[in-house]
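>>> Next come a sequence and a model predicted from it.
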Amino acid sequence: MKDIKKVLVLGSGALKIGEAGEFDYSGSQAIKALKEEGIEVVLVNPNIATIQTSKILADRVYFLPVNPDFVEKIIDKERPDGIFLSFGGQTALNCGLDLFNQGILKRYNVQVLGTPVSTIELTEDRQAFADHLHKLDISTPVSKPAYNTKDALAIAQELGYPVMVRSGFSLGGQGSGIAKSEKELKDISDRAFSFVKQILVEKYLHHYKEVEYEVVRDKFDNCVTVCNMENMDPLGIHTGESIVIAPSQTLTNYEYHSLRSIAIKIVRSLNVVGECNVQFALNPKPQTVDDPEKIPFEYYVIEMNARLSRSSALASKATGYPLAYVAAKLALGKNLTELKNKVTKTTQFCFEPALDYLTVKIPRWDLNKFKKAENTIGSSMKSVGEVMGMGRTFEEAFQKAIRMLDLDFEGVIHESLFKDDDQIKEQLKRPTPNRMFAIAHALIIGITVEEIYELTGIDPWFLYRIDNIVQQEKALKFKKKLTKEILLSLKQIGTSDKRIGSLTNKTGLEIRELRKNYGIVPAILQIDTLAGEFPAQTNYLYLTYNANHYDVKPLKNKGVIVLGSGPYRIGSSVEFDWTSVTTVMRLKDHDKKSIVINCNPETVSTDYDISDRLYFEELTFERIADIYDFEKSYGIIVSMGGQTPNNRAKALKAYGAPLLGTDPDNIDRAENRTRFSALLDELEITQPPWDSFTTVTKAMSFSKKVGFPVLIRPSYVLSGQSMKICHSEKELRDFLGEVASISQEYPVTISKFVEDAKEIEVDCVAEKGIVKALVVSEHIEHAGVHSGDATVAQPAQRIYLETLRKIRLITKSIAKELAITGPFNIQCLAKGNNVAIIEVNLRASRTFPFISKVIGTNLIEMATDAFFGKNIKPLNGNISDLDFVAVKAAQFSFARIAGADPTLGVEMASTGEVACFGDDVEEAFLKAELSVGVKIPKKGVFISIGGEVNKYKFLEEAINYLFSLDLPIFATDKTAKFLHRYGIPVKRVYKLYETKTPNVIDYFKSGKIDLVINIPDQDVERAINDGYLIRRAAIDNNLAVFTNQQKAILFLKAITEKKIETLPIKAWDEYK
Amino acid sequence: MNATLQLKDGITLEAESFGAPVSTSGEVVFSTGMMGYPEGLTDPSFKGQILVLTYPLVGNYGVPNKNLWEADRLMVSGLIVSNYIDTPSHFQSQNSLAKWFKNEKLPLIQIKDTRGLTQHIREKGSLLGKISINKPIGYYDPNKENLVKQVSIKNISYLPSTNKKAKTILLLDCGAKRNIINSLRKRNVSVIVAPWDFDPFTKKGESKIEEITGSKKHFDGLFISNGPGDPTFVTKTITTIKKSMDLKIPTMGICLGHQLLTLAAGGETTKLRYGHRSQNQPCIMEGSPRCYITTQNHGFAVNDIPSNFKKWFTNANDGTNEGIIHTKLPFMSVQFHPEATPGPYDTEWLFDFYLEKIKS
């Protein structure tokens, strides 16, 4: 190995379904491991909200797309000695493979560190991998590769239905599925081939167990399995969608170690250096054999990932073994035995952790955020985040994890979730995110464990554990008194105070009081990797009622609790991990020990070396209060982890816990719609007219009075999205009838929706009511697109000075009135110079990492300083005076959510974001769009603009770009005629309802179109449906789709004005 | 709460009984292995010991048929778990763990804070303790007597290979786990399993093997198994090993066998504070960059390597000796369990390594 002085690390870009926050964890650990060795680190990752792209880690950061075009130029400029491909998920791996195969790495003499490229290629090519395993006498499911749908159908004919379809070189099971019939296979196969060249059609292994091993190997052939995990859900449900338990619960020693040996054999045969995982299918009821010496055993290797993965992040957090850190060291040629165990500080890393607890991972889905999305789960990933519960009984860990999801579930038993018994059975057969609740309910209504097993394929072991919860809760109904024994037993199976209260007609606080009187408080234990065999120095902790001692002593006044973000979900993601971690780091400057509470295994804030103390715990009031009771900390910070911790402020204050920052009553004044409205009136700040209604008639007359469109926010939703803009009486009536409830109990809030207004984000820090920092940025899209989905430019591009002045005054008066200390964010609308306020968040907002990194001042550090009342220095007034522009763009994962409509609206739908820098807004925007996977069109553009007004508005701005585009333009009837009228050459294609060929979708399929601009007209029902089919087809054919006018125009402008070849390649530090 | 665990240093813990309602006493030790309780509980090395399992959930996959155990009965004196699971689920399960303990008249108790108990043992060193259910019982120190006598087989058994030319291994059973025998047999050798005190040599130093095998052929290798307790009690086996080594017969020991070989060759053993009982012990092979993950179950260890032997394996966690090998002759032994069950099969190659020595 040549002398490695400089290493290029590839990140994973924006968070998307199947590739999320876990790669911030793995990249960050890798960078740390490199820096320890004195190696210079260059990082490419456009995900600006990550910790790895902060000043504290890499020497140089490029906020540029992780694709071969850009990375080659970065290599040319930086000339690194080595490259890390396995710490940035599938994105980094695929980019690395391209760089390798195009001879770029060789040309620049860049060495791939860690697992060789040949291995990565082998494991990604499903057929080659299967062939390799067969040579080693290792079984894989009977399968054959197909390169087109016709072949796939023929193979399925041969294997017999159902079959499982898997695709190569993809992430999160994209393009996979179980086909029970020829039609289903055709659908899955067609969709898959839009994204990949090869699929594997395999025999479906009905209700096999799915088991996974995380394997580490060094170049000296030392090989250990750090963790094994068992999926509660059977094969057929993607691991990312499964409830996963570590360690495995239902495997015997023979099964566990036979699979372990096979995993190691594979890893050795492939010369993996670093980390990888191997997934197995295991037959729960193998055929018995006559020979008594032979133990019945039937397994298949499903998959191997020769890189850090979501599972490795989970395994790291489940065991305390920092897999990514170790993998990075091994890639540099270290021996496992050289690496000291960072947790025990006495032993070393060549070992396999012994757990004296278990962990349960549950994914978090947000399917109701997607219009028209199917609610079922299966072989392709749809979840957007996950949580991990730790405990010393399965029930405890499981119910903790359920609460960690932050979906207002108190445990596995949740009344009123199902309409009737049939629906329960249906959910058992066709799994949805609510499947676990269906199981508990099924047990309550007397469906047997055996029946549930037949329907779900979930091992009876798990069902019996759930039944234990059901039986204990049932028994409670017949008990006269809540004795110490009963209460303790309920706590030991993870029942919350609130749940016990609701079963006994008491409040959670009353139960808390009672149990403390009984002396029932949770134990605090360390995750020490060796089950207590050696004394450990670790700060990694969890709480359990299945022990009765403390492994640590309280930090008392020295400690400050920082509440983390909980699971990643739509609307709360890695940005709140960045804010939490930044706060934690800053606490050192105030001579405080940081105590993090968080439950998300994909985060950096839950890494072993970030905080002084880490509680991998629920962010429920009960648990925070338990930890506070023990720690007696100096204060709790609720404003850095997004909305979840913010929601705990009131209860924690009432409990007497000292909160740092703005008073919870003032938080409530900003959050409670009525109080907030009164506040704005008092301060004479404009707000869009609004009111609450309990009847359709009143709602209608208000809407007519203020004029359509109006924005509806119901307090209870039957299904699907909870907010909507209604453009007409009919739309409002339909929405209130079908989707939302309106009644005395469930009032509906309606506000006037201002059309064509600019939306402006104001991110601020204040101390004792005085604004110390105020940064304004602007949405590219007009109001109506959720701020999380919007494209944001910094500095703002088109805001009048007078608007700015008004915003400043409003911000100051709000800060003063609410006596704000800490971070806050204001969202406003501007039309002309009229400014209206829509929302104030008295916490760090999504844009804080973006703003901080762009303006070069860390607003979170400022806010943390403000908590300690140091009279912080205000930020220079005119910070928007930058020599460059940065643009933040949203990453959408519509392709993964079958059926979802990719239009943007008031409900957030994006799963992640990126930000890029440029000399002007077009350059920054184009780089950002390229970073989220949009490709510059080279074949043809399809345009469909709904409504006359929209057409004129579009053409007015876009006409010049359309002329200079130099690509064939396709359009449907009206748009075609319209464009034609203005002299734009256009080819007419048929809409679907015209039932003529070739229609628009035929064109998509034939590959003649690679950009789709579809601006829907909200008023026309048929257009919506037809438009939906077009948009969805575009997504399913892997085409770039723009559904927003402003964004589409900016994109056309950018691609006509900029050439990808000449985009400047500049590192973050070169923008000053 | 219907049972108690009492430790000799004065600590008493409340417990819930799931096994037989009988009292027991012995040395209280902990094991951190997460897998394979049926194999572990039938390991004769646990004779005289009350075992605490640190992995909290026990009983998950029930109890398989006898042929999958390491001996034909439970070997622990009692078992302590944090969360006993009485609803096993596995196609091989024939019984629940509690029923097994009831059938064999041994206590199985649940104490929630097994981690606290483990930490206590770690700090104090292995302790004497007693589980009391119904009847009072006194303390019992298993390290004051020869436990090997209690677990070794009573009669010689001969397990010939189907291959006529197969080499013959004499295995001295000091409490051998079944998989040691299986591991040898599956490598096509004939195995004579003899009691610990069996002396295969006549006075002149000739073999008594002919009586057993019916063949004039000498046995080709000596194998000394694992077993419980203090090795210094096992003098008869030590004498046999000495004789065998004098005749330069290839000899290998596992666990207690490692300690006995050491003593036979003139080395020394000592009692560890709380022993190694787990399936994740890293052992570095001396003079190589290789480290192996091993299963271990021992309270005593080699602390003085005999002359003409060198260190073979060393524990990467605490630096204790894990194996010795003669500098010239085919004598070797390891503290860990290459036969695994429970635990990783990573050092199974040692059987091949040893048998190679016999062939050459």
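Sure thing, it's come through. Numbering: from 1, shown residues only, chains lettered A, B, ... in the order given.

>>> Tell me, please, where in chain A the pLDDT is lower than the cut-off.
A:1, A:168-173, A:717-721, A:877-880, A:1018-1024 (pLDDT under 70).

>>> Scan it for its longest strand.
strand A:770-782 (DSSP state E).

>>> which helices and strands does it pack with?
strand A:758-767, strand A:792-794, helix A:801-817, helix A:848-855, helix A:859-867, helix A:1045-1057 (3 or more CB pairs under 8 Å, 6 or more residues apart in numbering or on different chains; DSSP states H and E). Glycine gets a C-beta too; all of them are placed from N, C-alpha and C.

>>> pLDDT value on B:K204, please?
We note a pLDDT of 67 for B:K204 in this prediction.

>>> Surely A:T337 touches B:C291?
Yes - judged on CB atoms under 8 Å, A:T337 makes contact with B:C291 at a distance of 4.9 Å.

>>> Using the three-state scheme, assign the nearest residue to A:Y982 once chain neighbours are set aside.
Among residues not flanking A:Y982 along the chain, A:L955 sits closest, at 6.1 Å (CB to CB, 6 or more residues apart in numbering or on different chains). Put simply, A:L955 is helix when judged by DSSP: H, G, I helix; E, B strand; the rest coil.

>>> Now for A:L955: which residues touch it?
A:L955 sits next to A:978-979, A:982 when contact means CB atoms under 8 Å, 6 or more residues apart in numbering or on different chains.

>>> Let's have these in TSV, adding secondary structure and neighbour count.
Shown next, in TSV, are these (DSSP: H, G, I helix; E, B strand; the rest coil; neighbours: other CB atoms under 10 Å in any protein chain shown):
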residue	secondary structure	neighbour count
A:F978	helix	19
A:L979	helix	23
A:Y982	coil	12
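
>>> picking that back up, A:T972 versus the residue nearest to A:Y982, what's the distance?
16 Å (CB to CB, to the nearest Å).

>>> Equivalent analysis for A:I1009, please.
Counting by CB to CB - A:I1009 and A:T972 are separated by 12 Å.

>>> how about A:Y545, what does it touch?
A:396, A:488, A:491-492, A:520, A:522-523.

>>> ok, for it, nearest residue in space, not its chain neighbours?
A:Y545 sits nearest to A:K491 (CB to CB, 6+ apart), 4.1 Å away.

>>> and A:E202, that's in a strand?
Yes - assignment of A:E202 by three-state DSSP places it within a strand.

>>> so how many other residues sit close to the residue lying closest to it once chain neighbours are set aside?
Spatially, and ignoring its direct neighbours in sequence, A:E202 is nearest to A:S143 (3.3 Å; CB to CB, 6+ apart). Using other CB atoms under 10 Å in any protein chain shown, A:S143 is surrounded by 21 other residues.

>>> same deal with A:V989?
A:V989, neighbours per other CB under 10 Å, totals 25.

>>> Correct me if wrong: it contacts A:V1000.
Yes - assessed by CB under 8 Å, A:V989 is found in contact with A:V1000 at 4.8 Å.

>>> shared neighbours of these two, which are they?
When contacts are counted by CB under 8 Å, 6+ apart, A:V989 and A:V1000 are jointly contacted by A:942, A:970, A:972.

>>> can you tell me which helix or strand the second one belongs to?
Spelled out, it's A:F970. strand A:969-972 (DSSP states H and E).

>>> repeat for the first one
Taking DSSP H and E as the definition, A:F942 sits inside strand A:941-945.

>>> what angle do that strand and helix A:1045-1057 make?
150 degrees (axes from the mean of the first three to the mean of the last three CA atoms, to 10 degrees).

>>> what pairs with strand A:941-945, and is each one parallel or antiparallel?
Sheet pairing of strand A:941-945 (DSSP bridges) gives strand A:969-972 (parallel), strand A:1011-1015 (parallel).

>>> List the contacts of A:S701.
Contacts of A:S701 by CB under 8 Å, 6+ apart: none found.

>>> before we move on, the earlier item: angle of the longest strand of chain A against helix A:848-855?
100 degrees.

>>> Show me what counts as buried in strand A:770-782.
A:770-782 (16 or more other CB atoms under 10 Å in any protein chain shown).

>>> Which one, of the strands paired with strand A:941-945, ends up nearest to A:G661?
strand A:1011-1015 (42.3 Å; CB to CB).

>>> related to what we said a few turns ago, most neighbours among the shared contacts of A:V989 and A:V1000, which one?
Going by other CB under 10 Å, A:F942 tops the shared contacts of A:V989 and A:V1000 with 27 neighbours.

>>> now A:Y299, which residues is it bridged with?
In beta-bridge terms (that is, DSSP bridges), A:Y299 pairs with A:L282.

>>> so it touches A:L282, yeah?
Yes - between A:Y299 and A:L282 there is a contact at 5.0 Å, judged by CB under 8 Å.

>>> Name the residues contacting each of these two.
A:L259.

>>> Relative to chain B, how far out is the residue nearest to A:E202?
26 Å (CB to the nearest CB, to the nearest Å).

>>> tell me the secondary structure for B:S25?
B:S25 is classified as strand under three-state DSSP.

>>> do A:K888 as well
Strictly by three-state DSSP, A:K888 counts as strand.

>>> Count the residues that sit near the closest residue to chain B within the stretch 201-350 of chain A.
Per CB to the nearest CB, A:N253 is where the stretch 201-350 of chain A lies closest to chain B, at 2.9 Å. Neighbours of A:N253 under the rule other CB under 10 Å: 24.

>>> Not counting sequence-adjacent ones, nearest residue to it?
A:N253's closest residue in space is B:G36 (CB to CB, 6+ apart), at 2.9 Å.

>>> And the contacts of the helix or strand hosting A:M388?
Taking DSSP H and E as the definition, A:M388 sits inside strand A:385-391. Contacts with strand A:385-391, where a contact means CB under 8 Å, 6+ apart, come from A:20-21, A:240, A:310, A:314, A:317-318, A:357-364, A:396-402, A:404-405, A:494, A:527, A:542, A:544, A:546, A:566-569, A:573, A:599-602, A:616, A:618.

>>> Please state the offset of that strand from the chain centre?
Strand A:385-391 sits 14 Å away from the centroid of its parent chain (CA atoms, centre = their mean, to the nearest Å).

>>> Please apply the same query to stretch A:524-533.
Using CA atoms, centre = their mean, the offset of stretch A:524-533 from its chain centre is 30 Å.

>>> Kindly report the same for stretch A:568-585.
11 Å.

>>> same question, stretch A:396-412
18 Å.

>>> what's the answer for stretch A:657-672, then?
27 Å.

>>> Chain neighbours aside, what residue packs nearest to A:L34?
A:V41 is the one closest to A:L34 (CB to CB, 6+ apart), at 5.1 Å.

>>> go on, A:D233?
A:S242 (4.1 Å).

>>> Burial check on residue 201, number of neighbours?
In the absence of a named chain, this looks at chain A. 27.

>>> switch to chain B, that's the one I care about
17.

>>> Quick check: it touching B:M245?
No - using CB under 8 Å, B:F201 makes no contact with B:M245, being 11.9 Å away.

>>> ok so, going back, return the most buried member of the strands paired with strand A:941-945.
strand A:1011-1015 (a mean of 25; mean count of other CB atoms under 10 Å in any protein chain shown).

>>> Past that one, which element shows up next along the chain?
Counting by DSSP H and E, what follows strand A:1011-1015 is helix A:1021-1036.

>>> Show me what the next helix or strand after that following helix is in contact with.
Using DSSP H and E, the helix or strand that follows helix A:1021-1036 towards the C-terminus is strand A:1040-1042. Contacts of strand A:1040-1042 with the rest of the structure, by CB under 8 Å, 6+ apart, involve A:902, A:934-935, A:937, A:1010-1014, A:1031, A:1034-1035, A:1048, A:1051.
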